[in-house]
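Visitor: My questions concern the predicted model and sequence given below.
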Amino acid sequence: MTDDAVQLRSVTRRYGTGDMSVTALDQVSLAFPKGTFTAVMGPSGSGKSTLLQCAAGLDRPTSGLVTIGGTELTELTETELTLLRRERIGFVFQAFNLLPSLTAEQNVALPLRLAGRRPPKARVREVLEQVGLGGRARHRPAEMSGGQQQRVALARALITRPEVLFGDEPTGALDSRTSRDVLTLLRDMVDSDGRTIIMVTHDPVAASYADRVVLLVDGGVNGELTGAGAEYIAARLTTLEALPC
Ligand code: ADP
């Protein structure tokens, strides 16, 4: 048994072949312990999205191993991988990706419906309440603010009680006050519910809510910061941006 929610072992992801090939991730080994919040940062093109996609089973590494809760992803068929993503992983993106014609509660219930399960009303209400939207269950996305929409997206990601929540710039489209609300919620999910969160972000303030910041440069891990404040993270990022390519 391992206490890691996600493990990457010597993960390489290459796009294309021959002279045209790009190594987006170069033998990256990382462990994400259960009940921790990790931010992944780095300059544009450093491999953040590729890391998230490989860790979440949305993309397959060229070589190396990815394990989620002890399940080795490379050994799974596409169908098994789809099931794992549906049952054991939650996602939140910069674009909230809510269905505009559905109410908040219908959007939240969607992952269960897609899995062929009848969404228990009480559970849908429970997760909406958890994100502070108990009173908005019947609202459609257009009737809600950006922050509220992202909280619906968060509730939708939580409905299946995922082992790991992956965020790709989840606060990228929000103003700073609303971002803080969403980040506080994420932090609370780790502290109170023991959830594991892995989040890609450009924003040092967002990253300061994490326990740990993993810094990527050119597809490799350049360093890690633990318990760092926003200013320190911002200063460290500046040194990364200045590295010669
Ligand atoms: P980041 O998220 O840090 O901006 P990415 O993971 O998107 O970085 O990209 C890392 C590298 O891999 C970049 O050089 C990018 O151009 C390349 N890359 C990403 N996706 C593809 C793809 N589908 N085909 C070819 N190259 C890609």
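Guide: That came in fine, so what should we check first?
Visitor: so which strand or helix has the residue nearest the centre of the chain?
Guide: Nearest to the mean C-alpha position of the chain, by CA atoms, centre = their mean, lies F166 at 1.6 Å. Assessed by DSSP states H and E, F166 sits inside strand 164-168.
Visitor: Next, the angle strand 164-168 makes with the helix or strand following that strand.
Guide: Next helix or strand after strand 164-168 toward the C-terminus (DSSP H and E): helix 176-193. Comparing the axes of helix 176-193 and strand 164-168 via axes from the mean of the first three to the mean of the last three CA atoms, to 10 degrees yields an angle of 170 degrees.
Visitor: What is the distance between helix 176-193 and the centre of its chain?
Guide: 13 Å (CA atoms, centre = their mean, to the nearest Å).
Visitor: Is the next helix or strand after that helix positioned near the ligand?
Guide: Remark: after helix 176-193, the chain's next helix or strand is strand 196-200, criterion DSSP H and E. No. Using CB under 6 Å from any ligand atom, strand 196-200 never reaches the ligand; the gap is at least 6.7 Å. The way it works is simple: take the backbone N, C-alpha and C, and place the C-beta from them, glycine included.
Visitor: Identify all contacting residues around strand 196-200.
Guide: Residues outside strand 196-200 that contact it (CB atoms under 8 Å, 6 or more residues apart in numbering): 5-6, 32-41, 48-49, 51-52, 55, 163-170, 186, 189-190, 206, 210.
Visitor: Mind checking what helix or strand follows that strand in sequence?
Guide: Next element after strand 196-200 (DSSP H and E): helix 204-207.
Visitor: and that next one, how far from the chain's centre?
Guide: Put simply, helix 204-207 sits 14 Å off its chain's centre (CA atoms, centre = their mean).
Visitor: my read: the residue nearest to the centre of the chain touches I89, true?
Guide: Yes. Look at F166 against I89 with CB atoms under 8 Å: they come within range, at 6.5 Å.
Visitor: So which residues on the protein come close to the ligand?
Guide: Counting by CB under 6 Å from any ligand atom, the chain sits next to the ligand at 15-16, 22, 24, 42, 44-50.
Visitor: circling back to that earlier point, just the buried residues of the contacts of strand 196-200.
Guide: 5-6, 32, 34, 36-41, 48-49, 51-52, 55, 163-170, 186, 189-190, 206, 210 (16 or more other CB atoms under 10 Å).
Visitor: Parallel or antiparallel, list what pairs with the strand holding F166.
Guide: strand 89-93 (parallel), strand 196-200 (parallel) (DSSP bridges).
Visitor: Please enumerate the helices of this protein.
Guide: 48-55, 78-88, 104-114, 121-130, 146-158, 176-193, 204-207, 230-241 (DSSP state H).
Visitor: Let's have those helices in CSV, adding mean pLDDT and distance to P61.
Guide: Shown next, in CSV, are the helices of the chain (pLDDT from 0 to 100; distance: least, CB to CB, whole Å):
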stretch, mean pLDDT, distance to P61
helix 48-55, 96, 5
helix 78-88, 91, 13
helix 104-114, 93, 25
helix 121-130, 92, 32
helix 146-158, 92, 24
helix 176-193, 90, 26
helix 204-207, 96, 24
helix 230-241, 92, 23
